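Asks: only the shape, not the letters, is given here:
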């Protein structure tokens, strides 16, 4: 596996990335599982869960004013359904991704949500631009998600571009495009919305684990000291 280590130009201290030539992707964090690690941290932190839920509601707002019940894909998901999924991802990762199907005229015929943590940016071309997105639900390479003896096999999609959407259809090689949005320049990954309080969340979780452990054992350090009698003076 050939890799080149380089810092993210925006978040060079908080988010390190690599160029990986095995899967032709830019690593998302040093181990390529930054968003997966952030999601696990979110799940154990009541503070982060409640904060991202509030942000999700804010992003959703009142939903679509018109056509919220229009079905947008073969899964039967409506515009409102996709908005909910996009808002959830953006509230956690500062980004979202959508797969689009196209007809020979390049028109979008179907839209599906791709969980943001499944996406990895492809290697930049000679102009420094990212032309494709690699998608997998198992970048952590969990053996329980792989068939016996299997290995990671991402799917690759061109970056969304209406100007080239019809080309693959006409050539008979199209499998759709991916609209990847993070508000950053191409080739850069976003930090999670709660990255700045990661250490606080980890500390809170450690404290909760400590308290649960001692409560279950019927002992807690706060119960050691007791003052006999009552304090009756002012």
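Replies: Ah, there it is. None of the values given here were measured: they were computed from a predicted structure. Numbering: from 1, shown residues only.
Asks: residue 146 contacts residue 152, correct?
Replies: Yes: between residue 146 and residue 152 there is a contact under C-beta atoms under 8 Å: 7.4 Å. For the C-beta atoms, the positions are set from N, CA and C on the backbone; glycine is no exception.
Asks: which residues in the protein form strands?
Replies: Along the chain, the segments classed as strands by DSSP state E run 3-7, 16-20, 25-26, 96-102, 108-114, 119-121, 132-135, 155-158, 177-181.
Asks: can you put these in TSV and add distance to residue 196 and mean pLDDT?
Replies: What follows is the strands of the chain, written out as TSV (distance: least, C-beta to C-beta, whole Å; pLDDT from 0 to 100):
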stretch	distance to residue 196	mean pLDDT
strand 3-7	18	41
strand 16-20	17	89
strand 25-26	23	96
strand 96-102	20	94
strand 108-114	26	95
strand 119-121	23	97
strand 132-135	27	96
strand 155-158	31	94
strand 177-181	21	95
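Asks: any common contacting residues for residue 146 and residue 152?
Replies: Residues touching both residue 146 and residue 152 (C-beta atoms under 8 Å, 6 or more residues apart in numbering): residue 138.
Asks: coming back round to it: in CSV, list the strands of the chain along with distance to residue 53 and mean neighbour count.
Replies: Formatted as CSV, the strands of the chain follow (distance: least, C-beta to C-beta, whole Å; neighbours: other C-beta atoms under 10 Å):
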stretch, distance to residue 53, mean neighbour count
strand 3-7, 32, 12
strand 16-20, 29, 18
strand 25-26, 30, 24
strand 96-102, 17, 21
strand 108-114, 18, 17
strand 119-121, 23, 24
strand 132-135, 26, 21
strand 155-158, 30, 18
strand 177-181, 21, 20
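Asks: out of the ones you listed, the one nearest residue 73 is which?
Replies: Proximity to residue 73 (C-beta to C-beta) singles out strand 108-114 among those, at 4.8 Å.
Asks: returning to that earlier point: which stretch among the strands of the chain comes nearest residue 77?
Replies: Short answer: strand 108-114, nearest of these by C-beta to C-beta, at 7.4 Å.
Asks: tilt between that closest one and strand 177-181?
Replies: Strand 108-114 and strand 177-181 meet at an angle of 50 degrees, taking axes from the mean of the first three to the mean of the last three C-alpha atoms, to 10 degrees as the criterion.
Asks: so what strands line up beside strand 108-114?
Replies: The strands beside strand 108-114 in its sheet (DSSP bridges) come out as strand 96-102 (antiparallel).
Asks: show residues contacting the strand it pairs with.
Replies: Residues from elsewhere that reach strand 96-102 (C-beta under 8 Å, 6+ apart): 82, 85-86, 89-90, 108-116, 118-119, 133, 157, 160, 165-166, 168-169, 174, 176-181.
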